[in-house]
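Participant: Output the structure for:
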Amino acid sequence: MLILTNDSVPTQALEKLNSFGKVILLKTSGLVYDAISDHPDIFCCQADNELTVAPNLPDNIKELLSDSGIDFKKGIKDVTGKYPNTAIYNVVVTNDFVIGNKNVMDKSLHNLVSVRKLIHVNQAYTRCNLLPLPNERFITSDKGIFKQLKNNNLEVLYVNPEGIVLEGFNNGFFGGCCGVHGDRVFIAGSLSRFNDGTKVKDFLRDLQIIELYDGPLLDVGSIFFI
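Facilitator: Okay, here's the model as predicted:
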């Protein structure tokens, strides 16, 4: 199993992730603004075992994916500059739903809607703000996404993103701190250091929580298990 995450994850988090699989660290330069330049959820969209990547995802990452036997397809547009061109692959795909801003997402992702219901949300940084869990349950740090999922009768928890670290911004987003594999939820940070940590623990009561390091929650641009 491959694990794709940010080149800047803390050493303790990297060591723990290495015990679960082969870790690939994403690093880019000059493609988007610095705060999100190493975030996998900016350059990749995962649907089950299908991975769509921005054409300008660094070649070394594409080679590592190919060498590891990971099938992926290239999207249509490069990730560039500033919003909205930084959010075109920042989409959540589950067994039953495609959740994202339909006016921003790359057209290569529209084929996923043919076998899933599209839930349009205004927040185009959808994956940053939304953690999909088993059995179509979700945690989000965006009130608009929360409302839309509630309107679709989905089980969703809203958490305030205050205190989540993203360099250069007042805060990051909850989805970007996390990854899910099977019944395990991996979190870049300690929930004891997050104001809504108790709410998260209660919501994840049937899942195993793996806190990757003892520090504040970090928005690392998601952790993908491939």
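Participant: distance of the closest residue to Lys107 other than its chain neighbours from Thr52?
Facilitator: Distance criterion Cβ to Cβ, 6 or more residues apart in numbering; nearest residue to Lys107, sequence neighbours excluded, is Ile76 at 5.4 Å. In short, each C-beta sits where N, CA and C put it, glycine included. Distance, Ile76 to Thr52, by Cβ to Cβ, to the nearest Å: 10 Å.
Participant: Overlap of the contact sets of these two?
Facilitator: Shared contacts of Ile76 and Thr52 (Cβ atoms under 8 Å, 6 or more residues apart in numbering): 106, 108.
Participant: still on that earlier bit, does the residue nearest to Lys107 belong to a helix, a strand or coil?
Facilitator: coil (DSSP: H, G, I helix; E, B strand; the rest coil).
Participant: related to what we said a few turns ago, Ile76 and Thr52 - which one has more neighbours?
Facilitator: Legend: neighbour count by other Cβ atoms under 10 Å for Ile76 and Thr52, higher for Thr52 (22 against 13).
Participant: Phe20 versus the residue of the chain positioned farthest from its centre, what's the distance?
Facilitator: Farthest-out residue of the chain from its mean C-alpha position, per Cα atoms, centre = their mean: Asp67, at 23.2 Å. For Asp67, the distance to Phe20 equals 19 Å [Cβ to Cβ].
Participant: Also Asn85?
Facilitator: Separation of Asn85 from Phe20 (Cβ to Cβ): 33 Å.
Participant: go on, Ser68?
Facilitator: As judged by Cβ to Cβ, Ser68 and Phe20 stand 15 Å apart.
Participant: Which one's more surrounded, those two?
Facilitator: The neighbour comparison of Ser68 against Phe20 (other Cβ under 10 Å) goes to Phe20, with 15 against 12.
Participant: re the thing from before, and the pLDDT for the residue farthest from the centre of the chain?
Facilitator: Looking at Asp67, its pLDDT reads 93.
Participant: For it, give me phi and psi.
Facilitator: Backbone torsions of Asp67, given as degrees, to the nearest 10, read phi -60, psi -20.
Participant: in which helix or strand would I find Lys62?
Facilitator: Applying DSSP states H and E as the criterion places Lys62 in helix 59-67.
Participant: for that helix, packing partners?
Facilitator: Judged by 3 or more Cβ pairs under 8 Å, 6 or more residues apart in numbering; DSSP states H and E, the packing partners of helix 59-67 are strand 2-6, strand 22-26, strand 50-53.
Participant: among those strands, which is the most enclosed?
Facilitator: Per-stretch averages of neighbours, counted by mean count of other Cβ atoms under 10 Å, single out strand 2-6 among the helices and strands packed on helix 59-67, with a mean of 23.
Participant: Give me the buried stretch members for the following helix or strand past that one, please.
Facilitator: Where DSSP H and E defines the elements, the next helix or strand beyond strand 2-6 is helix 11-18. Neighbour-count burial for helix 11-18 flags 13-14, 16-17 (criterion: 16 or more other Cβ atoms under 10 Å).
Participant: starting at the chain centroid, how far to helix 11-18?
Facilitator: Helix 11-18 has its C-alpha centroid displaced from the chain centroid by 18 Å (Cα atoms, centre = their mean, to the nearest Å).
Participant: Identify the residues contacting that helix?
Facilitator: 3, 5, 9, 23, 25, 186, 188, 210, 212-214, 223.
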